[in-house]
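Enquirer: Show me the folded form of this:
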Amino acid sequence: MMNEKKYDLEDRLLEYAARIIKIVEQLPNSKAGNHVSGQMLRSGTSPYPNHGEAQAAESPKDFIHKLRICLKELRETQRWMKLIQRVPLIRKPELLNDMLKETEELIKIFVTSIKTAERKINN
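Expert: Modelled structure (predicted):
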């Protein structure tokens, strides 16, 4: 039997939030750095607790609403990371490539989950 890592979205979102904090801590203490870091800290750590909210949703519609919040926050975080790279606000902006890839994968997971949940409601 192969030793496969169990896929756990909660753990993945926790790791994502931790990595966001580490990125934010690298941003400069400047007007732009402080603005971007505050925005990205909020949006980038939000999917983890909002996923927990979705797990405790009071209805299927509430579940979808909470998943949509996660998706919205991931898309916002993606934009902030692209801005950090473009300026650049960190010394090695290429280090964000892996996080941008992970963000894109998480976005795809949430889009698929939302579509699946909506299909279940409409059937």
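
Enquirer: Stretch 85-98 spans what distance, first to last residue?
Expert: For stretch 85-98, the first-to-last residue distance is 12 Å (C-alpha to C-alpha, to the nearest Å).

Enquirer: If we go by neighbour counts, what in that stretch is buried?
Expert: If you call a residue buried by 16 or more other C-beta atoms under 10 Å, then stretch 85-98 has these buried ones: Gln85, Leu89, Ile90, Leu96. Yep, even glycine has a C-beta here, placed from its N, CA and C like the rest.

Enquirer: can you put those residues in TSV and add distance to Glu10, secondary structure and pLDDT?
Expert: TSV is the format used below for these (distance: C-beta to C-beta, whole Å; DSSP: H, G, I helix; E, B strand; the rest coil; pLDDT from 0 to 100):
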residue	distance to Glu10	secondary structure	pLDDT
Gln85	28	helix	97
Leu89	30	coil	97
Ile90	28	coil	96
Leu96	23	helix	97
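
Enquirer: Which members of these define the maximum pairwise distance?
Expert: Distances among these were taken as C-beta to C-beta; the most separated pair is Leu89 and Leu96, at 10.0 Å.

Enquirer: which residues sit against stretch 15-23?
Expert: If you take C-beta atoms under 8 Å, 6 or more residues apart in numbering as the criterion, stretch 15-23 is touched by 40-41, 44-45, 47-48, 77, 81, 84, 90, 96, 99, 102-103, 106.
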